[in-house]
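[1] Here's a sequence, model it:
(chains A, B, C and D)
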Protein chains: 2
Amino acid sequence: MRKPSIKDIAAAAGVSHSTVSRALRNSPLLKPETIQRIQKIAQEKGYTASAVARSLVTRRTHTIGVVVTTIADPFVAEVVSGIEQTANDHGYSVFLANSNAEPERELKVAQSFAERRVDGIIVTSSRVGALYTPMLSSLQIPIVLVNNQHPGQFVHSVMIANFEASRDATRHLIQLGHTRIAYLGDRFGYQSDTERFAGYREALDCAGIPFLPELVSHGDGKPEGGYEAMKKLLTLPEPPTAVFCYNDMSALGALKAIREAGLRVPRDISLVGFDDLFVAEYCEPPLTTVRQPRRHMGRLAAEILLKLIQGAGAEELIRVPGELILRESTAPPRSPESR
Amino acid sequence: MRKPSIKDIAAAAGVSHSTVSRALRNSPLLKPETIQRIQKIAQEKGYTASAVARSLVTRRTHTIGVVVTTIADPFVAEVVSGIEQTANDHGYSVFLANSNAEPERELKVAQSFAERRVDGIIVTSSRVGALYTPMLSSLQIPIVLVNNQHPGQFVHSVMIANFEASRDATRHLIQLGHTRIAYLGDRFGYQSDTERFAGYREALDCAGIPFLPELVSHGDGKPEGGYEAMKKLLTLPEPPTAVFCYNDMSALGALKAIREAGLRVPRDISLVGFDDLFVAEYCEPPLTTVRQPRRHMGRLAAEILLKLIQGAGAEELIRVPGELILRESTAPPRSPESR
DNA sequence: ACGGTTTCCGCAAACGTGTCCATTATAGGT
DNA sequence: ACCTATAATGGACACGTTTGCGGAAACCGT
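    Take a look at the predicted model:
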């Protein structure tokens, strides 16, 4: 049989459905004893309000749409975890949608979110395509981006402070005595890569170390790409003594390449990653890396979005500082005097 | 200004709103040219149907609720990815909710799903508490469990074939020549642990290897616990020459403990994990492990749920076979003749 | 030309809730 | 006792859609 509606319990209580509606929302217009009585009946009948009917009249669904390239990315998953947590704390539910970076699917997602009348949208670290962005912004719905990969198309976003973090990471290598420091980047030209590369350059410049283009190699942000890129660096007549990687995934691949070349980390080559994924702590050797406060970033994004939904203003861009986590993949170069 | 409704475009087209409704659903009751005309107008006005209004009358929300302990678990994330994919392919959206295994939050989630009138629910590998299950089942909504940790409370579930998989994994160690094989389990008494342990026992029995209780140690399913459990095994007067771990996370901790003891994998001790998480491939040495087709399991769960929603019957329990992935953490024991 | 189909479309009710406005009961003041 | 201010409740409409039913127009066969 049907779930009981407000009318059913109105009949049972011998009042009008408006009264029931008010009672359930603890309206001060009602006599406290009436409220008590009605709520008790509702309880007994196992009444649960219909969010869909409510949304229809209030024009608020109390849902937010979260679109990610794939939730099976540890970075993304934790961000989403943070988002979901604060959303839930504020009575919002989240729709999760994977785009898989497929234009066709992205369209479907946008369409779906529009139809479901989500109150806001969060896009995390996705390679939002040109096709995608106008689609989303035409929805007239607040949008917040996390680690946006393309610069400046949306107003609100939270990002890691790439520049400062990678500058510090590179500086760490310099302080250890390294001068031949390579940058193992990402070839897709993301904003994060650009910024991290800039931080690397900055640290070099500050230390008066000349930048050598041959010490830059590009992977695909995944172990496979990092592996290939590292192999390239190893073929140099004078390979680097330290490598700063765009992310941990790349570093993992690099690690493999180094091992296969019969060299050891950090004895022969120091390695620094970025992200502080779970693996960083448990690979061999444990990886020195830049931690991104992923969950916190998710929370921030959700908070901003909720503010926007309330109609309040919010920060346009929040830069979250990264944290350099020192582990065992970095050490002074083997023989600094040999150069 | 407001989003255009069916009435707005009815006015623009000079027809009734019912006609518009039918036109948008390509009803055969309408003249094709009328349909064309109306759809064109709808297009121009940027009309998108309101799923919430539709749900109110059709009594179907085309949403499913997915509850997980935490999405920041690589296993869970991939299952969810599979769920989301097939759900989306069938026009369903997914609500994602983390329970964090907190009873309070679990209640909120169940409440939320009930209010939102989800058409079905999937619970993945969560430690569904006693508090939780009646709450969910009282919703009178189809439920499917993935890797259910408690036996037999719900009707429909998809699980990995723990018994067969761990029997095969253990058999692999036996075939390499090991006889002192330890089981590094999970102390929380989950069904998966019980089943995997049973598979381990079975392989031993079949090979005529006596079961030694001192070769069983329990972790917490995470690296920390695996680390401790392995240390305990290493203190034995005669440590095992091979260890079958409840999961990859535990194996990672065990690996660390073995390294710290100055031993090497697989030279001194062979190690087998379970799950085939991403790290298994990229740790040192790469881990021999049992692969769970996580995404596929998610897809299966979604398919079953959709069938149930359609009112069709569905398999009560699907057992998905695991696959033993041979990498470099297993080898023959160092000196089989020394025993 | 006429009754009977068929085709096409509008009317109205329904889904479950929120809320403005009107109405009635209660209390408060003289 | 009467008028008024206040408290408590009900009536009615709205939100945006789907859908059964009935009516009008067009078509068909004789």
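
[2] ok, how many other residues are close to A:P32?
    Residues lying near A:P32 (other CB atoms under 10 Å in any protein chain shown) number 10. C-beta: built from backbone N, CA, C; applies to glycine.

[3] Can you get me a residue count around A:L29?
    Around A:L29 there are 10 residues (other CB under 10 Å).

[4] Could you do A:V67 as well?
    So A:V67, with other CB under 10 Å, has 24 neighbours.

[5] now do A:K40
    Per other CB under 10 Å, the neighbour tally for A:K40 reads 12.

[6] Can you classify it as helix, strand or coil?
    Three-state call for A:K40 (DSSP: H, G, I helix; E, B strand; the rest coil): helix.

[7] Helix or strand: which one has A:A254?
    A:A254 belongs to helix A:248-260 when assigned by DSSP states H and E.

[8] meant to ask about A:K108
    Applying DSSP H and E as the criterion places A:K108 in helix A:103-115.

[9] which residues touch the helix holding A:A254?
    A:184, A:186, A:219, A:221-231, A:234, A:243, A:245, A:264-265, A:268-269, A:271-277, A:279-280, A:283, A:287, A:289, A:329, B:282, B:284 (CB atoms under 8 Å, 6 or more residues apart in numbering or on different chains).

[10] Point to the helix or strand of chain A where mean pLDDT is at its lowest.
    helix A:132-137 (a mean of 68; mean pLDDT, DSSP states H and E).

[11] Next secondary structure after it?
    Sequence-wise, the next helix or strand downstream of helix A:132-137 (DSSP H and E) is strand A:143-146.

[12] Now the helix holding A:A254 - C-alpha only, PDB.
    Provided in PDB are the C-alpha atoms of helix A:248-260 (Å, rounded to 0.1, in the frame of the first residue of the first chain):
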ATOM      1  CA  ASP A 248      52.500  10.900  -7.400                       C
ATOM      2  CA  MET A 249      51.200   8.700 -10.200                       C
ATOM      3  CA  SER A 250      54.000   9.900 -12.500                       C
ATOM      4  CA  ALA A 251      56.500   9.500  -9.700                       C
ATOM      5  CA  LEU A 252      55.500   5.900  -9.300                       C
ATOM      6  CA  GLY A 253      56.200   5.300 -12.900                       C
ATOM      7  CA  ALA A 254      59.500   7.200 -12.600                       C
ATOM      8  CA  LEU A 255      60.400   5.000  -9.700                       C
ATOM      9  CA  LYS A 256      60.000   1.900 -11.700                       C
ATOM     10  CA  ALA A 257      62.100   3.300 -14.500                       C
ATOM     11  CA  ILE A 258      64.900   4.200 -12.100                       C
ATOM     12  CA  ARG A 259      64.800   0.800 -10.500                       C
ATOM     13  CA  GLU A 260      64.900  -0.900 -13.900                       C
END
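
[13] Could you list the buried residues of it?
    Across helix A:248-260, burial judged by 16 or more other CB atoms under 10 Å in any protein chain shown covers A:248-258.

[14] go on, stretch A:195-215?
    Using 16+ other CB under 10 Å as the test for burial, stretch A:195-215 gives A:195-197, A:199-204, A:215.

[15] Can you give me the neighbour number for A:R294?
    A:R294, neighbours per other CB under 10 Å, totals 27.

[16] Could you count how many residues lie near the closest residue to it other than its chain neighbours?
    Using CB to CB, 6 or more residues apart in numbering or on different chains and skipping the chain neighbours, the partner closest in space to A:R294 is A:E78 (3.8 Å). Using other CB under 10 Å, A:E78 is surrounded by 23 other residues.

[17] who are the neighbours in contact with A:E78?
    Residues counted as contacts of A:E78 (CB under 8 Å, 6+ apart) are A:294-295, A:298, B:72.

[18] which SSE is it in?
    Under the criterion of DSSP H and E, A:E78 resides in helix A:74-89.

[19] in the sheet, who's paired with A:A242?
    A:I181, A:S270 (DSSP bridges).

[20] Verify the stated contact: it with A:L173.
    Yes. With contact defined as CB atoms under 8 Å, A:A242 counts as touching A:L173 (4.5 Å).

[21] which residues are in contact with both of those two?
    With CB under 8 Å, 6+ apart, A:A242 and A:L173 have common neighbours A:181, A:270, A:272, A:330.

[22] quick one: which two of the residues you listed are the most distant?
    Greatest spatial distance among these (CB to CB): A:I181 and A:T330, at 10.9 Å.

[23] Spit out the residues that contact those two alike.
    With CB under 8 Å, 6+ apart as the test, A:I181 and A:T330 both reach A:173, A:242.

[24] Which residue ranges of the stretch 151-300 of chain A form strands?
    A:156-160, A:181-186, A:216-219, A:242-245, A:270-275, A:288-291 (DSSP state E, counting those that start in this stretch).

[25] any residue of the helix or strand that contains A:L96 up close to chain B?
    Secondary structure assigned from DSSP H and E places A:L96 in strand A:93-98. Yes. Strand A:93-98 lies within reach of chain B by CB under 8 Å from any CB of the partner chain, at A:93-98.

[26] Now, of these, which are buried?
    A:93-98.

[27] does stretch A:17-36 come close to chain B?
    No. Under the criterion of CB under 8 Å from any CB, chain B is not reached by stretch A:17-36; the shortest gap measures 11.8 Å.

[28] Work out the gap between that stretch and the centre of the chain.
    Centre-to-centre, stretch A:17-36 and its host chain are 43 Å apart (CA atoms, centre = their mean, to the nearest Å).

[29] Show the average pLDDT along that stretch.
    The average pLDDT within stretch A:17-36 is 91.

[30] and what of stretch A:264-276?
    Stretch A:264-276 shows a mean pLDDT of 96.

[31] That one: end-to-end distance?
    21 Å (CA to CA, to the nearest Å).

[32] I'd say A:A301 and A:V144 touch.
    Yes. Proximity of A:A301 to A:V144 meets the contact threshold set by CB under 8 Å, at 4.8 Å.

[33] Could you name every residue contacting both of those two?
    With CB under 8 Å, 6+ apart, A:A301 and A:V144 have common neighbours A:122, A:158.

[34] Domains in chain A, by residue range?
    A:6-49, A:59-161+A:294-321, A:162-292+A:324-338 (automatic domain parsing).

[35] Of those domains, which is nearest B:S50?
    The minimum distance between B:S50 and those falls on domain A:59-161+A:294-321, with 6.2 Å, by CB to CB.

[36] Stretch A:111-126 and DNA strand D in contact?
    No. For stretch A:111-126 and DNA strand D, the contact criterion (CB under 7 Å from any atom of the strand) is not met; the two come no nearer than 8.5 Å.

[37] how far out from the middle of the chain is that stretch?
    15 Å.

[38] about what we covered before: which of the contacts of helix A:248-260 are buried?
    Counted by 16+ other CB under 10 Å, these give A:184, A:186, A:219, A:221, A:223, A:225-231, A:234, A:243, A:245, A:265, A:269, A:271-277, A:279-280, A:283, A:287, A:289, A:329, B:282, B:284 as buried.

[39] what does the stretch 1-150 of chain A put close to DNA strand D?
    Counting by CB under 7 Å from any atom of the strand, the stretch 1-150 of chain A sits next to DNA strand D at A:14-19, A:22, A:29-31, A:34, A:53, A:56-57, A:59.

[40] redo that, cut-off 6 Å
    A:15-16, A:18-19, A:29-31, A:34, A:56-57 (CB under 6 Å from any atom of the strand).
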